[in-house]
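Student: build me a model:
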Amino acid sequence: MSTYTHESMINHHGPGFLSQLAETFHVWRQRYQSRRELANWSDRELHDIGISWSDVAYEADKPFWRA
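Tutor: I've put the predicted structure just below:
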């Protein structure tokens, strides 16, 4: 059995619209989950990484689409 590797069979275009959209949704979901997790950290955990509750509040209040 052979594998088709002819030049005409190779996709020369960048990622399609649906791939880009899926990647965007993935990033948004990760941001949402990370911010919710950070909001549940203890004082000790926040101190260990050097951030305050005001930093957490600022980050947690951001909408998921904002980096």
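Student: relative to residue 20, how far out is residue 40?
Tutor: Distance, residue 40 to residue 20, by Cβ to Cβ, to the nearest Å: 31 Å. (Glycine included, C-beta is placed from N, CA and C.)
Student: quote the end-to-end distance of stretch 58-67.
Tutor: One end of stretch 58-67 sits 12 Å from the other (Cα to Cα, to the nearest Å).
Student: what's in contact with it?
Tutor: Outside stretch 58-67, the residues that touch it by Cβ atoms under 8 Å, 6 or more residues apart in numbering are 28, 29, 31, 32, 35, 36, 38, 39.
Student: the first one: how many residues sit nearby?
Tutor: Right, residue 28. 14 (other Cβ atoms under 10 Å).
Student: so is the nearest residue to it once chain neighbours are set aside in a helix, a strand, or just coil?
Tutor: Distance criterion Cβ to Cβ, 6 or more residues apart in numbering; nearest residue to residue 28, sequence neighbours excluded, is residue 64 at 4.6 Å. Assigned state for residue 64: coil (three-state reduction, DSSP: H, G, I helix; E, B strand; the rest coil).
Student: then residue 44?
Tutor: What three-state DSSP gives for residue 44 is helix.
Student: where does it land on pLDDT?
Tutor: At residue 44, the model reports a pLDDT of 95.
Student: and residue 38, what element?
Tutor: Residue 38 is part of helix 17-39 when elements are defined by DSSP states H and E.
Student: what's in contact with that helix?
Tutor: 15, 56, 59, 60, 62, 64, 65, 67.
Student: which among the contacts of stretch 58-67 count as buried?
Tutor: The neighbour count (16 or more other Cβ atoms under 10 Å) marks 31, 35, 38 as buried among the contacts of stretch 58-67.
Student: now the second one: how far from residue 41?
Tutor: If I follow you right, that is residue 35. 11 Å.
Student: quick check: residue 46 touching residue 54?
Tutor: No - judged on Cβ atoms under 8 Å, residue 46 makes no contact with residue 54 at a distance of 10.4 Å.
Student: which one's more surrounded, the two?
Tutor: Neighbour comparison, residue 46 and residue 54: the larger count goes to residue 46, with 15 against 8 (by other Cβ under 10 Å).
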